[in-house]
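[1] Here is the input, now give the coordinates:
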Amino acid sequence: MDLKKDFYSSRLWLRRFSLLIACGLCFTLSGNLAAQTKPVHTVLIVDGFSNHDWKQTTEVIKWILESSGRFKVDVTTVPLDSMQKQGWNPDFESYAVVIQNTNNIHDLTLSWPEPAQKSLEDYVQNGGGLYILHSANNAFPNWKEYDKMIGLGWRSVDSGIALEVNDQRQLVKHPKGEGKGTNHGDRFDALIQILNPHPINEGYPASWKTVNTEVYSYPRGTAEDLTVLSYAYDSTGTKKMWPVEWVVEYGKGNVYNSSMGHLWRGETYPPAYRCVGFQTTVIRAAEWLASGKVTYPVPDDFPTSEKSSLRPKEMSGIVENE
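    Presented below is the predicted three-dimensional model:
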């Protein structure tokens, strides 16, 4: 018996067998991906100015959505040059979802030109989907229809109704002038608790832990045609419970608004964005806004009430800030 020859023959057979398995796996994965990419929803992210790291926020959100195989994402950046800005008026109607990622909380001279504001209003009125991403609900206190679209936002104590969740899981309204303006304590690992069932949170646990997030106390606004989806206990500030996610009906369209999604200057793909619960919610909220339905499954590694769940930092391909 030639043991050496038999040894190498066995290794060759194993390599060929492994190659067949790998080819089969690739075929299966490509088939699943092809199934996921139908239909593809078109998304437009609007960015250009914010007190947060809006450039990286756009990059990561685009990656999250496109990696799901369900979206094609474009980006439009509001020009800062006054002449160029006046000609900036995106074709919102060409998109199933618009993600608003601008914030002028510290500089009200930064704005959208009025024609673009009217275009967004008409887009949502006529059935478009609008995603208000984290600090975007801090923006545009002087834009009346924007206040109606977002429902609640970062506003002064004299700027509208604030909603709180009491121990009986009921909404408590604080009228204009009562309580405080919107604020938040330190970021912490918050327990997100479902208040109202919705296609976005269907299949979620009743509560799940996210990480390094901000819970807005006294979120204020018109609070019209609004449904609170989830809330959290503000353990680092007011020691009360406040809405975290809500949806608003505006004309024939829908708006999703949430305080989740904080990405500050100097951070790179931070834990708040690596959270499986946050990423899943971004995808499912965008899908619901686009189609009124949610097909993206709740992943096996979704957080529980006891344990958070983070995706590897290397997974996104986001590079360190210089």
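
[2] In a helix, Lys85, correct?
    Yes. Assessed by DSSP: H, G, I helix; E, B strand; the rest coil, Lys85 belongs to a helix.

[3] So it versus Leu120, what's the distance?
    As for Lys85, its distance to Leu120 is 15 Å (criterion: CB to CB, to the nearest Å). Placement of C-beta: from N, CA and C, glycine included.

[4] Those two: which is more packed in?
    Leu120 (22 against 17; other CB atoms under 10 Å).

[5] Contact partners for the more buried one?
    Leu120 sits next to Phe92, Val98, Trp112, Leu130, Met149 when contact means CB atoms under 8 Å, 6 or more residues apart in numbering.

[6] contacting residues around the nearest residue to the first one once chain neighbours are set aside?
    Counting by CB to CB, 6 or more residues apart in numbering, the nearest residue to Phe92 once its immediate chain neighbours are dropped is Tyr123, at 3.9 Å. For Tyr123, the set of contacting residues under the criterion of CB under 8 Å, 6+ apart consists of Phe92, Glu93, Val98, Leu130, Gly253.

[7] buried subset of those residues?
    Buried members of the contacts of Tyr123, counted by 16 or more other CB atoms under 10 Å: Phe92, Val98, Leu130, Gly253.

[8] what residue ranges in this protein score low on pLDDT?
    Low-confidence segments of the chain (pLDDT under 70): 1-39, 317, 319-322.

[9] What's the biggest strand in this structure, counting residues?
    strand 241-250 (DSSP state E).

[10] any idea which helix or strand comes after it?
    Next helix or strand after strand 241-250 toward the C-terminus (DSSP states H and E): strand 253-258.

[11] How far does the helix or strand just after that following strand sit from its chain's centre?
    On the C-terminal side of strand 253-258, the nearest following helix or strand under DSSP H and E is helix 271-274. In terms of CA atoms, centre = their mean, to the nearest Å, the centre of helix 271-274 is found 11 Å from the chain centre.

[12] Over to stretch 270-285?
    With CA atoms, centre = their mean, you get 7 Å for stretch 270-285.
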